[in-house]
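Asks: task: produce atomic coordinates for the following.
(2 chains)
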Amino acid sequence: MATARPSLEDNPLEISFDKSSGALQRDPDGEYMTLNMGPSHPSTHGVLQIVLDLDGERIVDSRPEIGYLHRGMEKIAETYGYNKFIPYTDRMDYLAPISNNIAVALGIEAVNGIVTPPRCQAIRVICAELGRISAHLLGLGAFAMDIGALTVFLYTFREREYIYDLMEKLTGARFTVSYTRVGGVARDLPDGWADAVLRYVRKLPKTLEEDVELMLTTNRIWVDRLRGVGVIPKDVALSYGLTGPCLRGSGVEWDLRKERPYLGYENYEFDVPVGEHGDAYDRYLLRIEEMKQSTRIIEQAIAKLPDGPIAVEDHKVVLPEKTKVLTSMEELIHQFMVVTEGPALPPGERYFGVENPKGELGFYVKTDGTGRPARLRMRAPSFVNLAIIPYLFKDVLVSDTVAILGSLDFVMGECDR
Amino acid sequence: MHTLLAATAADSEGFFAWLNALFVEQTWPRALLIVIVVGLTVPGLVSALVWAERRGSALIQDRLGPNRCGPFGMFQSFADLAKFLFKEDVIPGHVNKPIYLLAPAIAVIPPLVALAFVPFGANVFIADVDTGILAAFAVTSLHVYAISLGGWASNSKFPLLGGVRASAQMISYEIALGLSALGVFIIVGDLRLISVVEMQTDGWMIGAGETLRSAGDWTRLFDWNIFKQPLGALIFMIAGFAETNRHPFDMPEAESELAAGFHAEYSSMKFALFFLGEYAAMVVFSSLFVVLYLGGWTLFGLENVLSDWVTSYGAENAGWINWASVAEGFLHVGIFFSKTLVLLLFFIWVRWTLPRFRYDQLMRLGWVRLLPLSLAWLVVTVIGVAIVRGL
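Replies: Numbers count the residues shown, from 1 in each chain, chains lettered A, B, ... in the order given. Alright, predicted model coming up:
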């Protein structure tokens, strides 16, 4: 039966294109119900919009719409310069701001091969792993909340608060920490901070077992909701370029901390857990295990925390000490130049990726000798990981969408940038 | 029938005479009084339950919960009610207005009506009908209309999904609910709920006659139907969770999937009525469970401690209200609601512990597991009863 094809003007969101023929092709007989999930929906973790075609409760097709949180971060970086951009990275993966700070600092330093002192590296490792724990805690909690286990969310949220207490002691801010600088970190560890971290990470595995795993891991409803849901086979995961827990959940052992060690990760003993089936349940187990491995890394880093400077000695890059600024002409000029012009980085370009909680967060930075990057491009793991949604949202139920989205664990701040 | 009022109003005068007549003569003012009492008690109970839910969930989740309004935040529900009453009453332009307005009313009325059939004490009930449980089920099953009509009339996609889920879910589980309760009535041989309660003191389970045991003998607990019908009670409980749309069966609402499900388009007092209806349905279901399986107002003979006083008081004050009987009524209601409260707390505990089922898993559980199981249990019950009664 020949029916008039819908035109783009009629309803722009209800149109998709058949890739082979290029023709408009969308349910010409009107059999399916189009459901707009998001951008303001409790389970799309921010402002993701997914347009679902439903046959009853079954999803026939889906089209994710992203970009609601686009803030033009890459352009902002080109305008504001290196150090002034670091606060913006807090707002990317806003579940682990400090991990983004570290990633962007490493990305900028990598262009000219700036190597930070051992103490700085150890501090960054501790902070990055704390960031990973806090991101996974919230990710798991929100995941559980989507499936309906509200209490787990409160438990993980409480644990995350302790990390924020530590962050507050370290950086003065709980959430938007902006802790790193190009060539180092903003300030040294306060007295007793390392011990507080140690106390926390020693307690965490037990808390996880009692408050999260006991309530979920063997819970029949939880297992039934997640087993076999959102299965990503190995080859599909690789072809979509997934990274982080979404890739490892499918059984690919790929962790940048092991494969291309940075910050001296090669000196720490830790395991990279991988999943078996690539389903949502594997990704859940994997995140729990990753948190436990992170506590191992933190314990080792604190045990052998070296003394020494927390930033490189090159004062064309890093601010000099304030007392020296007030007494020495040369340091005064350095301070003036770093503050007004930005760190002087010789021309060069490089891509550098780190293993963030959500996957590989990479920065391609092109320096041109001024205090601002000529180009700063981000590879955001959430953006790449979200591309698999149309693949996963085929022949699943509406209820499965929340399980799949929760298990992908993305952050729109990072995806849209 | 009403021994509470074993008297006549022959020699009374003035207000007390009127009051006496009101109680004794079974006229329409009594019906009115009871309707007013139930109409006021149930919302009160519901607000207490909402408070218990919020404080209980806070206790479970390491939070404080509402603690500003009154001692321990007890008046929070009244503050909420005031808020609901004074909020702007938005009726979206795209709804089917008559049905949209009807749905919240349907949500509240069936649970309130169903409470009329529940005997809270030996003499404390509104209607003692021969069809007891059938009438209660018939009325409570109307609750599904509220949700499906609300979802349908909202003329919006998420509420529609919620409404469709609700109708499928509640109809499916009603079958298991009815079949599981049937076992009790096969044992009792009577559909009257009062008979069900009285049967639970017959001492059959422990093989002892009534006379052999003292009033405080706790082994009389085993007379309760939950020990005669353990599987039936379990199925009834599960189906009851589904019937009241409580977590983990709260598919129609499913906040994280369907935003707010069937009541997404409802605001202010109309939303509050859905809310009230849900909690009232919980109270009704818990009450029915207490009647059917937990011995109603009985508590291993303690419910009879006042019976001698009632008899003597009645003899001394013939022709006037038997206040001892009233006191006994309060005792029964107290026992009854203590049991109901335990069940309601169980509802709350489950909600804040378990994740939610998926829609197809829920339907599978209902049709593939619970339905055959309740049928099988029915057969077991019939055979058991036949053997015990010697065919």
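
Asks: and residue B:368, how close does it get to residue A:138?
Replies: Going from residue B:368 to residue A:138 by CB to CB, to the nearest Å gives 37 Å. In this view, the C-beta of every residue, glycine as well, is placed from N, C-alpha and C.

Asks: kindly report the same for residue B:167.
Replies: Residue B:167 is 36 Å from residue A:138, by CB to CB.

Asks: do the same with residue A:218
Replies: Distance, residue A:218 to residue A:138, by CB to CB: 23 Å.

Asks: swap in residue B:134?
Replies: Counting by CB to CB, the gap from residue B:134 to residue A:138 is 50 Å.

Asks: could you do residue A:179 as well?
Replies: Residue A:179 sits 19 Å away from residue A:138, going by CB to CB.

Asks: how about low-confidence regions in the chain?
Replies: Here I'm looking at chain A. Residues of chain A that meet the criterion pLDDT under 70 lie in A:1-30.

Asks: was after chain B, sorry
Replies: Scanning chain B for pLDDT under 70 picks out B:1-39, B:202-218, B:252, B:254-256, B:317-322, B:390-391.

Asks: which parts of it sit against chain A?
Replies: Residues of chain B lying close to chain A by CB under 8 Å from any CB of the partner chain are B:57, B:60-63, B:157-158, B:161, B:165, B:247-248, B:250, B:254-259, B:352-361.

Asks: please pick the buried ones from those residues.
Replies: Among the residues of chain B next to chain A, those scoring as buried are B:57, B:60-61, B:157-158, B:161, B:165, B:247-248, B:250, B:254-259, B:352-359, B:361 (criterion: 16 or more other CB atoms under 10 Å in any protein chain shown).

Asks: and residue B:368 and residue A:138? Which one has more around it.
Replies: Set residue B:368 next to residue A:138 and count neighbours by other CB atoms under 10 Å in any protein chain shown: residue A:138 wins out with 23 against 10.

Asks: quick one: contacts for the nearest residue to the more buried one once chain neighbours are set aside?
Replies: Counting by CB to CB, 6 or more residues apart in numbering or on different chains, residue A:138 lies nearest to residue A:95, which is 5.0 Å off, once chain neighbours are set aside. Residue A:95 makes contacts with A:134, A:135, A:138, A:139, A:357, A:411, as judged by CB atoms under 8 Å, 6 or more residues apart in numbering or on different chains.

Asks: ok, the first one - contacts?
Replies: Meaning residue A:134. By CB under 8 Å, 6+ apart, the residues touching residue A:134 are A:95, A:96, A:160, A:163, A:164.

Asks: and the second one, how many neighbours?
Replies: Read it as residue A:96. 30.

Asks: ok, and the residue nearest to residue A:227 when sequence neighbours are not counted, which helix or strand is that part of?
Replies: Leaving aside its sequence neighbours, residue A:227 sits nearest to residue A:281 (CB to CB, 6+ apart; 5.0 Å). Using DSSP states H and E, residue A:281 sits within helix A:280-303.

Asks: which strands or helices does that helix pack on?
Replies: Contacts defined by 3 or more CB pairs under 8 Å, 6 or more residues apart in numbering or on different chains; DSSP states H and E place helix A:280-303 against helix A:118-147, helix A:193-207, helix A:220-226, helix A:245-248, helix A:398-408.

Asks: any idea which helix or strand comes after that helix?
Replies: Using DSSP H and E, the helix or strand that follows helix A:280-303 in sequence is helix A:322-327.

Asks: you'd agree residue B:119 is in a helix?
Replies: No - using DSSP: H, G, I helix; E, B strand; the rest coil, the assignment for residue B:119 is coil, not a helix.

Asks: so which bits of the stretch 1-150 of chain A are right by chain B?
Replies: Within the stretch 1-150 of chain A, the positions near chain B by CB under 8 Å from any CB are A:33, A:35-36, A:41-43, A:57, A:144-150.

Asks: chain B: which of those residues is nearest?
Replies: Ranked by distance to chain B (CB to the nearest CB), the residues of the stretch 1-150 of chain A next to chain B are led by residue A:148 at 2.8 Å.

Asks: correct me, but the closest one touches residue B:354?
Replies: Yes - contact criterion CB atoms under 8 Å: residue A:148 and residue B:354 qualify, at 7.3 Å.

Asks: common neighbours of these two, please.
Replies: By CB under 8 Å, 6+ apart, the residues touching both residue A:148 and residue B:354 are B:247, B:248.

Asks: from residue A:411, how far off is the residue of chain B found nearest chain A?
Replies: Chain A sits closest to residue B:356 of chain B, with a gap of 2.8 Å, by CB to the nearest CB. Distance of residue B:356 to residue A:411, computed by CB to CB: 24 Å.

Asks: ok, back up a step: which SS state does the residue of chain B closest to chain A fall under?
Replies: On the three-state scheme (three-state DSSP), residue B:356 is labelled coil.

Asks: please enumerate the helices of the stretch 51-200 of chain B.
Replies: For the stretch 51-200 of chain B, the helices defined by DSSP state H, counting those that start in this stretch occupy B:76-86, B:97-114, B:132-140, B:143-153, B:157-188, B:193-199.

Asks: just to revisit the earlier point, check the gap between the residue of chain B closest to chain A and residue B:245 for me.
Replies: 11 Å.

Asks: please apply the same query to residue A:56.
Replies: 20 Å.

Asks: so what's the most centrally placed residue in chain A closest to, chain neighbours aside?
Replies: Most central in chain A under CA atoms, centre = their mean is residue A:358, positioned 3.9 Å from the mean C-alpha point. Counting by CB to CB, 6+ apart, residue A:381 is the residue found nearest to residue A:358 once chain neighbours are left out, at 4.2 Å.

Asks: in contact with that neighbour: list those residues for me.
Replies: Shown in contact with residue A:381 (CB under 8 Å, 6+ apart): A:93, A:243, A:244, A:356, A:358, A:359, A:360, A:361, A:414.

Asks: ok, residue A:96 next?
Replies: A:131, A:132, A:134, A:135, A:356, A:357, A:358.

Asks: swap in 6 Å and give it another go.
Replies: By CB atoms under 6 Å, 6 or more residues apart in numbering or on different chains, the residues touching residue A:96 are A:131, A:135, A:357.

Asks: and the stretch 201-350 of chain A, which residues reach chain B?
Replies: A:221, A:222, A:224, A:225 (CB under 6 Å from any CB of the partner chain).

Asks: at 7 Å what do you get?
Replies: A:215, A:219, A:221, A:222, A:224, A:225 (CB under 7 Å from any CB of the partner chain).
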